[in-house]
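Enquirer: Okay, sequence plus prediction incoming.
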Amino acid sequence: MVTLLSPSEIASALQLRDLSDPAHGPHAMQLLLDRAVDALAARWGCAVDVRRPRPVVAVEDNYDRLGYERSAITRDSRYTRYVSETTMLRSHTTAGVPPLLRELAARPGGADVLLVLPGLVHRRDVIDRLHVGSPHQLDLWRIRDDGPATASDLQEMVETLVSAILPGVRWRAEPAEHPYTERGRQVDVHTSDGWVEVAECGLAAPHVLAGAGLDPGRWHGLALGMGLDRALMLRKGIPDIRLLRAAEPRIAGQLLDLDPWRPVSMMPPVRRDLSIVVDGDVDAELLGDRARDALGGDADVLEDLSVPAVVPHDDLPPHVRERLLIRPGQVNALVRISLRPVAHTLTDSQANALRDRVYAALHEGPVGEWTTWR
């Protein structure tokens, strides 16, 4: 059995604005998307097929038809947002590829086409300036029947893409494994903070093509997926992913072009340390997801969540065990949260109210307290 999202959780996810979709209003992300697609189409002279399928997809398309093992940890309800036993909020835009390949297999004749699938995806993730629970992704798959795809073709794809969206940056392609590609690569670009991943790619795996009804002896492809949020942040020099959705005019006005970011004054963060009791292992991603859910419409105020320290039951002093009423198998964890709205400041009482909501969602012990780590 899987854990299903509640109707309100599903509704909230489906109402989230897709910044990559012109139907939801203009945004710089769309300009970046256009540059990526135009550059590849011009380089190859191929047809372009842009699709925006709904974010509720078949589990089979999100996992099985892409080659994920039944035992893959990513299928667990902790990481996957299930809508029903057979459907889910897609965890990557690659979930839209198998249906498009099936369409392609049903058409007569050959093809050389660039499949373009942008949109929101829904996943568990850490909370920091580069990550968010519902990021934007872009899948680019070139499918053709006029000759095998090669590693050189893949290199050309990456060079063309990076030059179009991040001109002048240093980049590298490191070996990586994906269930739906062969000769996989992870594409990183160099920043002032070091190397940052922007995309993953590889040759389209024969089993994915065959599963859609395309003869892998005839059909071949290149597959690339990238994070649009991070790419836009790198292109413009935006320091915090939450700024991409900000409504404050000084910020929103800068998100209509690809010009360099002009810093907007942000108030200092408010930090709170929470001493919580948790059953079993501590997972910062899961705690972060629960914190977002608890804050609901205020989730964008949560700038960062980390777990600096964890002490198992058996390692705690007796007086601390007694105070917390902690049970064997549980742990006492220090959770540090940083609260900072992008366009206004918080009063102490507002920050404490948000802290209380996060604490109530994360703490699994019988005794509640607001003390910092001791």
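Expert: Nice, I can see it.

Enquirer: hey, C-alpha coordinates of the helix or strand where residue 322 lies in CSV?
Expert: Element membership for residue 322 (DSSP states H and E) is helix 318-324. Taking C-alpha atoms only, helix 318-324 is exported to CSV below (Å, rounded to 0.1, in the frame of the first residue of the first chain):
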residue,chain,number,x,y,z
PRO,A,318,19.5,10.0,31.9
HIS,A,319,18.1,13.4,32.9
VAL,A,320,17.6,14.4,29.3
ARG,A,321,15.8,11.1,28.5
GLU,A,322,13.6,11.7,31.5
ARG,A,323,12.8,15.3,30.5
LEU,A,324,12.0,14.3,26.9
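
Enquirer: Near residue 218, how many other residues are there?
Expert: Using other C-beta atoms under 10 Å as the criterion, residue 218 is surrounded by 13 other residues. Any C-beta I mention is one placed from the backbone N, CA and C, and that applies to glycine too.

Enquirer: what's near enough to touch it?
Expert: Residues near residue 218 by C-beta atoms under 8 Å, 6 or more residues apart in numbering: residue 145.

Enquirer: so how far is residue 276 from the residue most central in space within the chain?
Expert: Nearest to the centroid of the C-alpha atoms of the chain, with distances taken as C-alpha atoms, centre = their mean, sits residue 135, at 4.2 Å. Distance, residue 135 to residue 276, using C-beta to C-beta, to the nearest Å: 27 Å.

Enquirer: returning to that earlier point: what lies in contact with the helix holding residue 322?
Expert: Applying C-beta under 8 Å, 6+ apart, the set of residues contacting helix 318-324 is 277, 313, 316, 326, 332, 365, 367, 369, 374.

Enquirer: what lines up beside the host helix or strand of the first one in the sheet?
Expert: Under the criterion of DSSP H and E, residue 277 resides in strand 270-279. Using DSSP bridges, the strands paired with strand 270-279 in its sheet are strand 330-339 (antiparallel).

Enquirer: Check which element follows the strand it pairs with along the chain.
Expert: Sequence order places helix 348-362 as the next helix or strand after strand 330-339, per DSSP H and E.

Enquirer: got the angle between that next one and strand 330-339?
Expert: In terms of direction (axes from the mean of the first three to the mean of the last three C-alpha atoms, to 10 degrees), helix 348-362 departs from strand 330-339 by 150 degrees.

Enquirer: how distant is helix 348-362 from the center of its chain?
Expert: A distance of 25 Å separates the C-alpha centroid of helix 348-362 from that of its chain, computed with C-alpha atoms, centre = their mean, to the nearest Å.

Enquirer: so where's the chain shaky on pLDDT?
Expert: Scanning the chain for pLDDT under 70 picks out 125-131, 265-266, 370-374.

Enquirer: can you give me the angle the helix or strand that residue 303 is a member of makes with strand 270-279?
Expert: Element membership of residue 303 [criterion: DSSP H and E] is strand 302-312. Angle of strand 302-312 versus strand 270-279, following the same axes, to 10 degrees, is 40 degrees.

Enquirer: List the contacts of strand 302-312.
Expert: Against strand 302-312 from outside (C-beta under 8 Å, 6+ apart): 126-129, 240, 242, 269, 282, 284, 287-288, 291-292, 295, 331-340, 354, 358, 373.

Enquirer: and the two most separated of the contacts of helix 318-324?
Expert: Taking every pair in those and measuring C-beta to C-beta, the maximum separation is 16.7 Å, between 313 and 369.

Enquirer: And the two? Which one has more around it.
Expert: Between residue 313 and residue 369, residue 313 has the larger neighbour count (other C-beta under 10 Å), namely 16 against 13.

Enquirer: Wait, that one touches residue 325, no?
Expert: No: contact criterion C-beta atoms under 8 Å: residue 313 and residue 325 do not qualify, at 10.8 Å.

Enquirer: re the thing from before, distance to residue 178 added to the contacts of helix 318-324, as TSV?
Expert: As requested, the contacts of helix 318-324 are exported to TSV (distance: C-beta to C-beta, whole Å):
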residue	distance to residue 178
277	38
313	39
316	42
326	41
332	38
365	40
367	45
369	45
374	45
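
Enquirer: List only those of those residues flagged as buried.
Expert: Restricting these to buried positions leaves 277, 313, 316, 326, 332, 365, with burial counted as 16 or more other C-beta atoms under 10 Å.

Enquirer: my guess is the fifth one contacts residue 277, does it?
Expert: Yes: using C-beta under 8 Å, residue 332 and residue 277 qualify as a contacting pair, with a distance of 5.9 Å.
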